[in-house]
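K.L.:
Would you be able to build a 3D model of this:
(chains A and B)
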Amino acid sequence: DAGVIQSPRHEVTEMGQEVTLRCKPISGHNSLFWYRQTMMRGLELLIYFNNNVPIDDSGMPEDRFSAKMPNASFSTLKIQPSEPRDSAVYFCASTLTGISGNTIYFGEGSWLTVV
Amino acid sequence: DAKTTQPPSMDCAEGRAANLPCNHSTISGNEYVYWYRQIHSQGPQYIIHGLKNNETNEMASLIITEDRKSSTLILPHATLRDTAVYYCIVRDIRDTPLVFGKGTRLSVIA
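P.N.:
A predicted model of the protein is given here:
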């Protein structure tokens, strides 16, 4: 089975440009999570969806960040405009909720560098 | 905020058992103990989880104390490929997201 698929794997962009990160969760999963990892702050939850509905976006750093989940098999995380401090690895993860003690599976991440 | 305490780093000789401790003194009866690891440049990888009883799978064993205030992840025969950051996470049974702390950086030495 394919795991969580993220794209692009690596992106280098200039400050001020729009960045869109994409995620395809594992088929059949109904919850999706976006995390960000930096050396300073570690792994932080940005937002998570359940059945395509955003449940908690309190981790989204500011209005420049937005996330959507138009259907069960696709989500995007957009940064507009991007800034150098947004440089990080962004992970997407998914699980099937409703089963106590379920496992959350992570993608391989999107490495973002904003110069 | 992470609800667990782990040593920042540990070393283990290749072929020996690696025992990674975790304190979670404020754990409630509705919370699981999960372990994940992150090998450099990769996404976090699920290892094992438990509620009250000890658990074992093909990767590791999880020993949870009777009062549930601490646990130990055991890698029975550590290899160089087990070098990673290991995260102990307390997670509500209602499927809340994982909250990561700083983890333990395990170095397996040849």
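
K.L.:
Can stretch B:18-30 be said to contact chain A?
P.N.:
No: Stretch B:18-30 is not in contact with chain A by Cβ under 8 Å from any Cβ of the partner chain; minimum separation 9.6 Å. (Glycine included, C-beta is placed from N, CA and C.)

K.L.:
Ok, stretch B:71-80 next?
P.N.:
No: legend: contact between stretch B:71-80 and chain A by Cβ under 8 Å from any Cβ is lacking; minimum distance shown is 14.9 Å.

K.L.:
tell me the contacts of residue 9?
P.N.:
If you meant another chain, say so; for now it's chain A. Listed by Cβ atoms under 8 Å, 6 or more residues apart in numbering or on different chains, the contact set of A:R9 reads A:E108, A:G109, A:S110, A:W111.

K.L.:
The intended chain is chain B.
P.N.:
For B:S9, the contacting residues are B:T104, B:R105, B:L106, B:S107, by Cβ under 8 Å, 6+ apart.

K.L.:
Look up how far chain A lies from it.
P.N.:
Here B:S9 is placed at a distance of 15 Å from chain A (Cβ to the nearest Cβ, to the nearest Å).

K.L.:
partner residues bridging that residue?
P.N.:
B:R105 (DSSP bridges).

K.L.:
hang on, isn't A:A67 packed against A:F74?
P.N.:
No: judged on Cβ atoms under 8 Å, A:A67 makes no contact with A:F74 at a distance of 11.6 Å.

K.L.:
And these two? Which one has more around it.
P.N.:
Per other Cβ atoms under 10 Å in any protein chain shown, whichever of A:A67 and A:F74 has more neighbours is A:A67, with 20 against 14.

K.L.:
Averaged pLDDT, the helix or strand encompassing the more buried one. What do you get?
P.N.:
Assigned by DSSP states H and E, A:A67 belongs to strand A:65-71. Regarding strand A:65-71, the rounded mean pLDDT is 97.

K.L.:
so what does that strand touch, helix or strand wise?
P.N.:
Other helices and strands packing on strand A:65-71, by 3 or more Cβ pairs under 8 Å, 6 or more residues apart in numbering or on different chains; DSSP states H and E, are strand A:42-50, strand A:53-56, strand A:74-79.

K.L.:
Go again with 10 Å.
P.N.:
For strand A:65-71, the packing partners by 3 or more Cβ pairs under 10 Å, 6 or more residues apart in numbering or on different chains; DSSP states H and E come out as strand A:19-24, strand A:31-38, strand A:42-50, strand A:53-56, strand A:74-79.

K.L.:
Turn the ones you listed into TSV, including distance to chain B and mean pLDDT.
P.N.:
Listed next are the helices and strands packed on strand A:65-71 as TSV, based on distance: least, Cβ to the nearest Cβ, whole Å; pLDDT from 0 to 100:
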stretch	distance to chain B	mean pLDDT
strand A:19-24	11	98
strand A:31-38	6	97
strand A:42-50	4	96
strand A:53-56	8	95
strand A:74-79	15	98
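
K.L.:
Deepest in the core, which of these is it.
P.N.:
By mean neighbour count, with neighbours taken as mean count of other Cβ atoms under 10 Å in any protein chain shown, strand A:31-38 ranks first of those at a mean of 22.
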